[in-house]
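Asks: what's the 3D shape of this:
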Amino acid sequence: MSALLTVDLAALVQNAQQVRRRVGPASMAAVVKADAYGLGAAQVVQALAMAGCGQFFVAHAAEACAIRPFVPHAQIFVLHGFDASAAGSFRDFRLTPVLNTPGQIKAYAGTGITLPAAVHIDTGMARLGLAPDEIAAALSLTNIALVMSHLACGDDPASPMNARQLADFNAARQSLPTAPASIAASGGTFLGSDFLLDLVRPGICLYGGAPHPGLPNPMLPVVRLTAPILQLREIDSGQSAGYGATYVAQEPRRLATLGIGYADGILRSASNRGSALVGGVRCPFAGRVSMDLVIVDVTDAPRDAVFEGGEAVLIGPELTLDMAAEAAGTAAYEIITRLGPRIARRYVDG
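Replies: Numbering: from 1, shown residues only. Down below sits the predicted model:
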């Protein structure tokens, strides 16, 4: 018995279609880095391509090369930019580097590759992208496919930084040749029409995560994570459960041990905070998450739903990705991308 991640490709496609309707006439490029946020890039890319998506973003050139066979005619942007040691891959696989530094621009121009490139302007994250005094380096490029930036607080519609970054980006790109522009990822896509520009780059919202955590989520759930019940145990008041004895029963309780743990991506920070659904009832984690196991308190679950070999739901429509993230004190991005290879994947179409 093993944990199972079910990926609803029809819901994924519907989320992409919703974004495309929302942003038109702007275009949409799907972010499929980190193996499509852990869901399986091959399957995700093919489903999105069949639904009409022709542009994708990844982090590394190797990720782009891996998906190229599934989308032979798509434009694939590489966010980490250009590395001269991978020049052959960029040329042979027709990849579009997102150039972040003057050094990358110089290296790309020096290869003689005539394929288009994107230019990334840093407008406040201090992470990747050209600083204001470096933007002139991009004037040496003859084929700019996209000028982009990235919002630091796009998931918070109340943040004044969003408007500041947009204004700075619109001003900065005036010094470059006219090219399509993009600043919105998932959160930015839902900030308003000013942020849509020519292209949006949704990631987490395609996979069911809320574009603005804490607000109503307009996206369909895409993933369902279940784990098997391996053992049941009755404990008395005063007895503990798990490493460190951090859970102590205040009265007789019924516990179930699930076959999933932090080696599979269930964060230790969810210890005594997370929960699972058993028989439709939310059952709290009892004690620390261990490497391969999680204990949940199933005292209040229907007796006929709690049995060895039964199923507990850790992520699903009633216990969402964002709920799991909140319980672990993190973001939906981390929850979904950490789901490990020991978890079986199953793909369904609705």
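
Asks: wasn't N170 part of a strand?
Replies: No: per DSSP: H, G, I helix; E, B strand; the rest coil, N170 lies outside any strand segment and is helix.

Asks: got a pLDDT number for it?
Replies: Per-residue pLDDT puts N170 at 98.

Asks: with adjacent residues omitted, what lies nearest to it?
Replies: Spatially, and ignoring its direct neighbours in sequence, N170 is nearest to A181 (8.0 Å; C-beta to C-beta, 6 or more residues apart in numbering). Every C-beta, even on glycine, is put in place using the N, C-alpha and C of the backbone.

Asks: any idea how far the one you found lies from A3?
Replies: Distance, A181 to A3, using C-beta to C-beta, to the nearest Å: 42 Å.

Asks: could you do V147 as well?
Replies: 43 Å.

Asks: same question, F307
Replies: Separation of F307 from A3 (C-beta to C-beta) stands at 17 Å.

Asks: comparing those two, which residue is more hemmed in?
Replies: A3 (23 against 11; other C-beta atoms under 10 Å).

Asks: would you map the helices across the stretch 101-250 of the chain?
Replies: Ranges of helices within the stretch 101-250 of the chain are 102-110, 161-172, 186-189, based on DSSP state H, counting those that start in this stretch.

Asks: er, the stretch 251-350 of the chain actually
Replies: 321-328, 332-337.

Asks: what's around the residue lying closest to R173 once chain neighbours are set aside, how many residues?
Replies: Take R173 and drop its neighbours on the chain: the residue closest to it by C-beta to C-beta, 6+ apart is V147, 4.8 Å away. Neighbour count of V147, defined by other C-beta under 10 Å: 26.

Asks: ok, now D349?
Replies: By the criterion of other C-beta under 10 Å, D349 has 10 neighbours.

Asks: and it, what's its pLDDT?
Replies: At D349, the pLDDT value in this model is 95.

Asks: spit out the contact partners of it.
Replies: By C-beta atoms under 8 Å, 6 or more residues apart in numbering, D349 lies in contact with 8-10.

Asks: coming back round to it: closest to G242 out of the helices of the stretch 101-250 of the chain?
Replies: Closest of the helices of the stretch 101-250 of the chain to G242 is helix 186-189, at 35.1 Å (criterion: C-beta to C-beta).

Asks: roughly how far does S2 sit from G81?
Replies: Distance from S2 to G81, counting by C-beta to C-beta: 38 Å.

Asks: for Q46, same thing?
Replies: Distance of Q46 to G81, given as C-beta to C-beta: 26 Å.

Asks: out of S2 and G81, which sits in the busier spot?
Replies: A direct count of neighbours by other C-beta under 10 Å for S2 and G81 places G81 higher, at 21 against 12.

Asks: can you check the pLDDT for the nearest residue to A84 once chain neighbours are set aside?
Replies: Spatial nearest neighbour of A84, chain neighbours left out: A107 (4.8 Å); criterion: C-beta to C-beta, 6+ apart. pLDDT, A107: 96.

Asks: before we move on, what about M1?
Replies: We have a pLDDT of 78 for M1.

Asks: kindly report the same for the one 5 residues further on.
Replies: Note on T6: pLDDT of 98.

Asks: about what we covered before: hang on, the residue nearest to A84 packs against G81?
Replies: No: when contacts are counted by C-beta atoms under 8 Å, A107 is not listed as touching G81 (9.1 Å).

Asks: mind checking which of the contacts of D349 land in helices?
Replies: Among these, the residues falling in helices (DSSP state H) are 9-10.

Asks: can you say which of the contacts of D349 are buried?
Replies: Neighbour-count burial (16 or more other C-beta atoms under 10 Å) applied to the contacts of D349 gives 8-9.

Asks: for the longest strand along the chain, packing partners?
Replies: Scanning the chain for the strand with the most residues, using DSSP state E, yields strand 223-235. Packing partners of strand 223-235 (3 or more C-beta pairs under 8 Å, 6 or more residues apart in numbering; DSSP states H and E): strand 4-8, strand 253-258, strand 311-315.

Asks: list the residues that contact A344.
Replies: A344 sits next to 2-5 when contact means C-beta under 8 Å, 6+ apart.

Asks: alright, calling it a day.
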